[in-house]
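[1] Mind looking at a prediction? Sequence and model below.
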Amino acid sequence: MFDVSGNSGLGHNNPGNLVSGAHANKHGSIGSATYITKNEQGKEQKFTFAIFPSYAVGRAAMFALLKEPKYLKLTLEILPRKYTGV
């Protein structure tokens, strides 16, 4: 069992914080959770993350995403920015 307090990714069996959508659905997502936060300028931002039935399924979905050609060709310097969108 994991302590998931303060970590929605683990609470939703989504260790990669994958967004809800085609990839998550293809890899076993059973739902989604939407969070609304405010950025530094006070503007609302909405994020919708996938919910998986188990940690193992969520982890497999994350690894499947990272094995896609668009990620495999990236350097270790660029990959984190591409993955997180920052």
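    Great, that's in hand.

[2] make it CA atoms for all contacts and neighbour counts henceforth
    OK.

[3] got the contact list for the longest helix that the chain contains?
    The helix spanning the most residues in the chain, taking DSSP state H as the definition, is helix 55-66. Under the criterion Cα atoms under 8 Å, 6 or more residues apart in numbering, residues 10, 13-16, 18, 23-24, 27-29, 51-52, 71-72 lie in contact with helix 55-66.

[4] helix or strand right after it?
    helix 69-72 (DSSP states H and E).

[5] Which element is encountered next along the chain beyond that following helix?
    helix 79-84.

[6] if I read this right, Y71 contacts P80, doesn't it?
    No. Taking contacts as Cα atoms under 8 Å, Y71 lies outside contact range of P80: 9.8 Å.

[7] Give me the more crowded residue out of these two.
    Y71 (16 against 13; other Cα atoms under 10 Å).

[8] in the protein, which ranges drop under the pLDDT threshold?
    1-10, 86 (pLDDT under 70).

[9] try 50
    1-5 (pLDDT under 50).

[10] Just to be sure, K46 is in a strand?
    Yes. Assigned with DSSP: H, G, I helix; E, B strand; the rest coil, K46 falls within a strand.

[11] ok, V19 - how many residues close by?
    Around V19 there are 17 residues (other Cα under 10 Å).

[12] Spatially nearest residue to it, not counting backbone neighbours?
    F49 (4.1 Å; Cα to Cα, 6 or more residues apart in numbering).
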